[in-house]
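Enquirer: take a look and give me a structure for this.
(one chain, ligands or ions: 1)
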Amino acid sequence: MNETSLCPEVRETAREIESMEIRGAATIADAAAGALSAQADASDAADPEAFRRDMRAAARELYATRPTAVSLPNALRYVLAGMEGPDIGALRNSVRYRASKFREDLTDAQERLGRIGSGRLRDGDVVMTHCHSTDAMACVEAAVDSGKELEAIVKETRPRNQGHITARQLRGLDVPVTLIADNAAHRFLDDVDHLLVGADSIAADGSVVNKIGTAGLAVSARDRGVPVMVAAQAIKLHPKTLTGAAIEIEQRDEAELIDPETRGEIGEIAVSNPAFDVTPPRHVDAIVTEHGQFPPESIVVLMRELFGESVEEPWTEP
Ligand code: RUB
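Expert: Predicted coordinates:
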């Protein structure tokens, strides 16, 4: 009687997020909101409670895909928190409306953030990037649009090589790109004016969770006197950290690092493949959001303003 039915779009989006065909915190959030909207469209629930149950089940399916980017639960929470109405038609419309509002706001926020972040970049500056972040790219794009000439040193970002995506997009903006191995970063930092990265989650104390390698890179940048700039929309703020919760770091398949045959040849080894790390606030100069830029220690003020103290999980069964 309490069975739920998930539409194919939800299952497919969940699969694509898990396999990283859909990746990057903002893009994951956008896709999750779209999948909830598709679920609302497709639902053949017999009554309003069955509809709500299907929506909660869809959100749980999406939530379970990747644990670190808080933009995902923030998207699910935003859409489900606005689900209201006396009948299925009204409920369906409310989900459609909230999902499309979330997606529009995401685009607007990124544009605003880009304009604010571009103010930190001067004509002729060289930025170093790690991974691929659409928020970081928005800052570069806004700077280029305002007539500044930039150059980029792009870390390839093993094991998944998201640096290739960054390099391709920067070339699309006509920005000269030097692709480097991750291990070479320290050597190039003397030629760099900014380290520019995104974030998957930001904790209340200003710690930045981003692609593995960011923390060490920030330490190196500090050592060379290079400012560390984090471009992150407010959906990257992790509300549960306001009450002391820790952010889970995703462990990915060891096959991303080593194929089974080579592993067998080497002999008995352990393999560990964390996808993200934590950069402490003392190694970050500025967090650029659509609401302005903040020293990491002050981000808690914005977090309180946006989320208050309570964090609901509207996808759990009452
Ligand atoms: C992506 C990553 C990005 C952030 C921010 O990791 O660490 O820096 O998600 O991206 P993965 P955006 O490739 O494992 O998803 O600014 O686009 O939200």
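Enquirer: drop to CA atoms for contacts and neighbour counts, all remaining ones
Expert: OK.
Enquirer: which bits of the protein sit near the ligand?
Expert: Residues of the chain lying near the ligand by Cα under 6 Å from any ligand atom: 23-27, 131-136, 198-200, 210-211.
Enquirer: for the chain, what spans make up the helices?
Expert: 8-18, 25-42, 48-63, 71-81, 88-118, 134-145, 163-172, 185-188, 214-223, 260-266, 299-307 (DSSP state H).
Enquirer: reformat the ones you listed as CSV; add mean neighbour count.
Expert: CSV is the format used below for these (neighbours: other Cα atoms under 10 Å):
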stretch, mean neighbour count
helix 8-18, 18
helix 25-42, 24
helix 48-63, 22
helix 71-81, 23
helix 88-118, 20
helix 134-145, 23
helix 163-172, 18
helix 185-188, 14
helix 214-223, 20
helix 260-266, 10
helix 299-307, 16
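Enquirer: mean pLDDT added to those, as JSON lines?
Expert: Formatted as JSON lines, the helices of the chain follow (pLDDT from 0 to 100):
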{"stretch": "helix 8-18", "mean pLDDT": "98"}
{"stretch": "helix 25-42", "mean pLDDT": "98"}
{"stretch": "helix 48-63", "mean pLDDT": "97"}
{"stretch": "helix 71-81", "mean pLDDT": "97"}
{"stretch": "helix 88-118", "mean pLDDT": "98"}
{"stretch": "helix 134-145", "mean pLDDT": "98"}
{"stretch": "helix 163-172", "mean pLDDT": "98"}
{"stretch": "helix 185-188", "mean pLDDT": "97"}
{"stretch": "helix 214-223", "mean pLDDT": "97"}
{"stretch": "helix 260-266", "mean pLDDT": "96"}
{"stretch": "helix 299-307", "mean pLDDT": "94"}
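Enquirer: now do the contacts for whichever residue of the stretch 201-318 of the chain sits closest to the ligand.
Expert: With distances taken as Cα to the nearest ligand atom, the stretch 201-318 of the chain approaches the ligand most closely at Lys211, which sits 3.7 Å away. Residues in contact with Lys211 (Cα atoms under 8 Å, 6 or more residues apart in numbering) are 130-131, 199-200, 275-277.
Enquirer: list the residues that contact Pro159.
Expert: So Pro159 contacts 256-257 (Cα under 8 Å, 6+ apart).
Enquirer: coming back round to it: adding distance to Pro239, write the helices of the chain out as a markdown table.
Expert: Output for these, formatted as a markdown table (distance: least, Cα to Cα, whole Å):
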| stretch | distance to Pro239 |
| --- | --- |
| helix 8-18 | 22 |
| helix 25-42 | 15 |
| helix 48-63 | 16 |
| helix 71-81 | 9 |
| helix 88-118 | 17 |
| helix 134-145 | 20 |
| helix 163-172 | 29 |
| helix 185-188 | 33 |
| helix 214-223 | 22 |
| helix 260-266 | 39 |
| helix 299-307 | 6 |
